[in-house]
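J.: Quick one: sequence plus predicted model below, questions after.
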Amino acid sequence: MTLTLPADAAAWADTWRDRINDRADFAAAAADFEATFLFEILADDRYDGDPVRFRVTLADGACTDAELVDGDADYDFAMRGHYDAWAALLSGELDVSASVMDGTFDVEGNTMTLLQRQDAVSEMVAAAQSIDTEFEG
């Protein structure tokens, strides 16, 4: 089933949680890792709506929650980028590490921890890329 962002954002978050938990490589990479991530899609020329925010909670090799959130949310790490950049990342056109390094995405949180858990983050992105996603605009 194809999900459209941002129209189907809540269902997309549920699917993302399930896809993360289906990945054995994620479970291994995220073992003994507890963190909450905020992923934020910002408006740009392609999408002029309100920011779309996903909060993803990890604990001991599992994604315990992935949800759409409004306003302020507690998190340990954040990744923010414009709608067009998210569309390119989720379609596989952009590499997550390169996109963070070149400033396409803004990342907030303890850099050393993110580098140590780079495989877990890459698995989360791969899980997101596995969702049949259509983008507005």
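T.: Received the coordinates, thanks.
J.: what ranges do the helices span in this structure?
T.: Taking DSSP state H, the helices of the chain run over residues 9-21, 24-29, 83-90, 96-101, 111-116, 118-129.
J.: Nearest approach to G49 belongs to which of these?
T.: Distance to G49, taken as CB to CB, is lowest for helix 83-90 among these, at 8.5 Å. Heads up, the C-betas are built off the backbone N, CA and C, glycines and all.
J.: how much distance is there from the closest one to the middle of the chain?
T.: Averaging C-alpha positions (CA atoms, centre = their mean, to the nearest Å) puts helix 83-90 11 Å from its chain's average.
J.: give me the beta-bridge partners of the residue nearest the centre of the chain?
T.: In the chain, the centroid-proximal residue (CA atoms, centre = their mean) is F39; its distance is 5.0 Å. Beta bridges link F39 to F54, M79, judged by DSSP bridges.
J.: wait, doesn't it sit right on A66?
T.: No. If you go by CB atoms under 8 Å, F39 and A66 don't touch, sitting 9.3 Å apart.
J.: overlap in contacts of the two?
T.: Common contact partners of F39 and A66 (CB atoms under 8 Å, 6 or more residues apart in numbering): F54, R55, V56.
J.: Now do D72, the pLDDT please.
T.: What the model reports as pLDDT for D72 is 85.
J.: Does D84 touch D48 like I think?
T.: No. The criterion here is CB under 8 Å, and D84 misses it with D48 at 11.7 Å.
J.: Which of these two has more residues huddled nearby?
T.: D84 (17 against 9; other CB atoms under 10 Å).
J.: Pull the contacting residues for that one.
T.: D44, D45, R46, Y47.
J.: so which pair among these is furthest apart in space?
T.: D45 and Y47 (8.2 Å).
J.: more crowded one of these two?
T.: More crowded of D45 and Y47, by other CB under 10 Å: Y47, with 21 against 9.
J.: residues in contact with that one?
T.: So Y47 contacts P6, I41, Y83, D84, E136, G137 (CB under 8 Å, 6+ apart).
J.: Tell me the one among those nearest to N110.
T.: Taking CB to CB as the measure, N110 lies nearest I41 of the contacts of Y47, at 22.8 Å.
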